[in-house]
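**Q** whatever this is, show me its structure:
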Amino acid sequence: MTIPAHIAIIMDGNGRWAKARGLPRLAGHRAGVEALRRTVRAVGDAGISWLTVYAFSSENWSRPKSEVSDLMGLLKIYIRRDLAELHQSGVRVHVIGDREGLAPDIRALLTEAEMLTAGNRALNLVIAFNYGGRDEIARAAQKLVRAVQAGAVAPSDISEAVFARYLDTAEMPDPDLVVRTSGEIRLSNFLPWQAAYSELVFLPCYWPDFGKADLDEALRIYASRERRFGGVTAQGVAS
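**A** Numbering: from 1, shown residues only. Sure thing, here's the model as predicted:
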């Protein structure tokens, strides 16, 4: 079975998972962290090279302050508790998103995770944190304008490939497969540039329930697709 080189996941449904069980939303987020741990291992075992997860969107700041505080706390716990294991397993951590405005301790943890694991090659784990696709594109445009003003780039040389070098995901492959849990059928500002030709799979399970069987189902659906990238000849999957 053909497997994707890069899978991206919108980890959705923590709050609804908790509500269905009469639990506070924080319990759902905690269970979501456990699902992330399982998924990192399962993706690595499947031989997939890149895993990108939508951990905290730039729109999530509109949630109640207490929930935002809980999510920040969980991020710190995840990195502090799991960084050594990730490093030992050969996982390289990347972080995309706007770090301006994040608390200094959060920024320091993200940088520490990236620096410690920079030499690892077993699996690339990309954490989209304080990330929004439109925001990423706007920030890339600002950086490109500055490069043009500095004379580093000629306006006539700007192409899709040149623009992509200013995105947070420069040097990363586009996702072959985007999976969203919880039954919602939209991307919610997640990788709009990079997912232009990604295969999309929407699963009904809430994120805390996501397991190997769900990953296998997403991979099975992906393997059944024909990818044409705007052409007439199928490429890669089911070609």
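
**Q** how about the helix-or-strand element of the chain with minimal mean pLDDT: buried residues?
**A** Within the chain, confidence by mean pLDDT, DSSP states H and E is lowest for helix 65-88 among all helices and strands, at a mean of 92. Across helix 65-88, burial judged by 16 or more other Cβ atoms under 10 Å covers D70, L71, M72, L74, L75, Y78, I79, D82, L83, L86, H87. Heads up, the C-betas are built off the backbone N, CA and C, glycines and all.

**Q** where's the residue of the chain positioned farthest from its centre relative to L36, distance?
**A** Most distant residue from the mean C-alpha position of the chain: G151, 33.0 Å away (Cα atoms, centre = their mean). Separation of G151 from L36 (Cβ to Cβ, to the nearest Å): 44 Å.

**Q** got it, and M11?
**A** From M11 to L36 the distance is 7 Å (Cβ to Cβ).

**Q** next: K65.
**A** 23 Å.

**Q** do L74 as well
**A** With Cβ to Cβ as the criterion, L74 and L36 are 10 Å apart.

**Q** next: I3.
**A** 20 Å.

**Q** who has more neighbours out of the two?
**A** L36 (23 against 16; other Cβ atoms under 10 Å).

**Q** pretty sure that one sits in a helix.
**A** Yes - read with DSSP: H, G, I helix; E, B strand; the rest coil, L36 is one of the residues of a helix.

**Q** so what's it up against?
**A** M11, V53, Y78 (Cβ atoms under 8 Å, 6 or more residues apart in numbering).

**Q** could I get those residues as a markdown table with distance to T233?
**A** Formatted as a markdown table, the contacts of L36 follow (distance: Cβ to Cβ, whole Å):
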| residue | distance to T233 |
| --- | --- |
| M11 | 34 |
| V53 | 32 |
| Y78 | 42 |
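
**Q** from these, pick the one nearest T181.
**A** Nearest to T181 among the contacts of L36: M11, at 6.6 Å, using Cβ to Cβ.

**Q** that closest one: how many residues sit nearby?
**A** 23.

**Q** so what's it closest to, chain neighbours aside?
**A** The shortest distance from M11 to any non-neighbouring residue, by Cβ to Cβ, 6 or more residues apart in numbering, is to W207 (4.3 Å).

**Q** so that neighbour versus D214, what's the distance?
**A** For W207 relative to D214 (Cβ to Cβ), the value is 10 Å.

**Q** so for those two, which sits in the more crowded spot?
**A** Higher neighbour count among W207 and D214: W207, with 28 against 20, using other Cβ under 10 Å.

**Q** for that one, what are its contacts?
**A** Counted by Cβ under 8 Å, 6+ apart, W207 has contacts M11, D12, G13, N14, W17, G32, A35, T181, S182.

**Q** any idea how far it is from T181?
**A** 5 Å.

**Q** between these two, what contacts are shared?
**A** Common neighbours of W207 and T181 (Cβ under 8 Å, 6+ apart) are M11, D12, G13.
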